[in-house]
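quick check, what structure comes out for this input:
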Amino acid sequence: MSKSGQARVPTIDQINHLFDVIQEHRHPEKNTAIMEISFKLGLRVQEIALLQIKEIAKLNSTGTDFELNEVMNLPASYTKGANALNRSKTQYERKVMSFSKDSFDKIVEQITALAQAGVAVNPENFYPPVKKQRGKSRDLPMVDKALRFALTTHLQVLISRYGSLQPTSPVFVTQKGGAYSPNTLQEHMALMLTRWAGIEKGSSHSGRRALITDVIHKQNKSVKIAQKIAGHVNPSTTLIYDEPPEEAISDVLGNLHSK
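Numbering: from 1, shown residues only. You can find the predicted model right below:
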C-alpha cells in the first residue's frame, strides 16, 4: 500500500478505465500517448514534458512522415533535477543545511574573527556547496504494441495539425501550441487520473510507480532491471518501490479465515 504522500499505484481495472475515459475528452490521441509513456516506460513528468520528436521517431526529409524508433534514447539532461531547456518554473530554495562538527566549529571561528574586526558578515558566504543531482541517460525499448500505436497516432495528428515537424519539435504541446512545462504537465496528468478516472491520490508519478511495482512484484525481475528502467543512480531509490501492491494486500485481507 502506498505510503502517505506517495502516488497511488492504480489497479489494472483503474488503468483500463483511465484509458477508456480519456477517449471521452478532448485531444484523446495526445492524452493516450502521454499516459502510455508513463505506464509503459515509467518516465518522470519532466522527462515526458521535455521529449522531442527525435527521441521517439525519425522524420523524413520534409518532416511530413516518420518511422517510429525501436528504442527511446532519453538524454541525461532530461532526468530529475536537470531542468533541461529551462522549462521548469520551480526554483530551488535551500531550507535545511548540514555541517560536520569540525566544519561548524571552523565557521564559528571565522565569523567571530570577522565580527571582532568589524567586518560585515554575509551568512551565504558560509553555506556549504549545493550537491547537484546527477542525470543519467537510458535506452528504453518501445516494444509494447499499445504504446507504439498511441505514439504513431499522436504524431499523425501533429503532422496533420502543423503540416510538418522538426526533429527538435516537442512531442507534446498545450492547447495554445507551446511546449508543456513540467509543472503544467504534472497538473494535467493529475487531472486525468483523479478527476477523469476517479483514482484517489493519482498523480503524474502513478504510472512510473505502477511500472516499477509490476517489474518487481508481478514479473519477479531483479531490482537491477527496475533500476535500469527507472534511471535511478542509486539502487536504494529503487528499493522504495519494493513493497507489495495495494491489490495484493486487499486480496489477502479479503480472504482471511473466519473463526
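
tell me where this structure has helices.
Ranges of helices in the chain, per DSSP state H, are 12-22, 28-41, 45-50, 53-56, 101-116, 145-162, 182-190, 206-213, 223-230, 235-239, 246-254.

can you tell me which of those is most buried?
Mean neighbours per residue, mean count of other CB atoms under 10 Å, is largest over these for helix 45-50, with a mean of 26. In short, each C-beta sits where N, CA and C put it, glycine included.

tell me the mean pLDDT for that one?
Helix 45-50 shows a mean pLDDT of 94.

tell me what it is packed against?
With contacts taken as 3 or more CB pairs under 8 Å, 6 or more residues apart in numbering; DSSP states H and E, helix 45-50 sits against helix 28-41, helix 182-190.

could you rerun that using 10 Å?
If you count contacts as 3 or more CB pairs under 10 Å, 6 or more residues apart in numbering; DSSP states H and E, helix 45-50 packs onto helix 28-41, strand 71-74, helix 182-190, helix 206-213.

among those, which comes closest to residue 163?
Residue 163 lies closest to helix 28-41 among the helices and strands packed on helix 45-50, at 17.0 Å (CB to CB).

so that closest one versus helix 223-230, what angle?
Per axes from the mean of the first three to the mean of the last three CA atoms, to 10 degrees, the angle that helix 28-41 makes with helix 223-230 is 150 degrees.

residue 72 is nearest to which of the helices of the chain?
The closest of these to residue 72 is helix 53-56. By CB to CB, the value is 5.6 Å.

lowest confidence element among the helices and strands of the protein?
Within the chain, no helix or strand scores below helix 246-254, which has a mean of 70 by mean pLDDT, DSSP states H and E.

related to what we said a few turns ago, nearest to residue 164, of the helices and strands packed on helix 45-50?
Closest to residue 164 of these is helix 28-41 (CB to CB; 17.8 Å).

specify the angle between that closest one and helix 12-22 in degrees.
Helix 28-41 and helix 12-22 meet at an angle of 160 degrees, taking the same axes, to 10 degrees as the criterion.

just checking, what packs against helix 28-41?
With contacts taken as 3+ CB pairs under 10 Å, 6+ apart, helix 28-41 sits against helix 12-22, helix 45-50, strand 71-74, strand 138-141, helix 145-162, helix 182-190, helix 206-213.

tell me which residue is most central in this protein.
Central residue of the chain (CA atoms, centre = their mean): residue 44, 0.9 Å from the mean position.

surely that residue touches residue 231?
Yes - if you go by CB atoms under 10 Å, residue 44 and residue 231 touch, sitting 8.0 Å apart.

surely residue 77 is in contact with residue 52?
No - between residue 77 and residue 52 there is no contact under CB under 10 Å: 11.4 Å.

neighbour count for those two, which is higher?
The residue with more neighbours, out of residue 77 and residue 52, is residue 52; 18 against 12, by other CB atoms under 10 Å.

out of the helices of the chain, which is closest to residue 198?
Ranking these by their distance to residue 198 (criterion: CB to CB) puts helix 12-22 first, at 7.8 Å.

would you mind measuring from residue 69 to residue 215?
According to CB to CB, to the nearest Å, residue 69 stands 22 Å off from residue 215.

shaky segments in the stretch 151-259 of the chain?
For the stretch 151-259 of the chain, the stretches flagged by pLDDT under 70 are 242-249, 257-259.

one more time with 50
For the stretch 151-259 of the chain, applying pLDDT under 50 flags no range at all.

and the stretch 1-150 of the chain, by the same measure?
In the stretch 1-150 of the chain (pLDDT under 50), the answer is 1-4, 82.

how does it look with 70?
Counting by pLDDT under 70, the low-confidence segments of the stretch 1-150 of the chain come to 1-6, 80-95, 130-136.

quick one: contacts for residue 207?
Residues near residue 207 by CB atoms under 10 Å, 6 or more residues apart in numbering: 7, 9-10, 15, 18, 34-45, 48, 189, 193.
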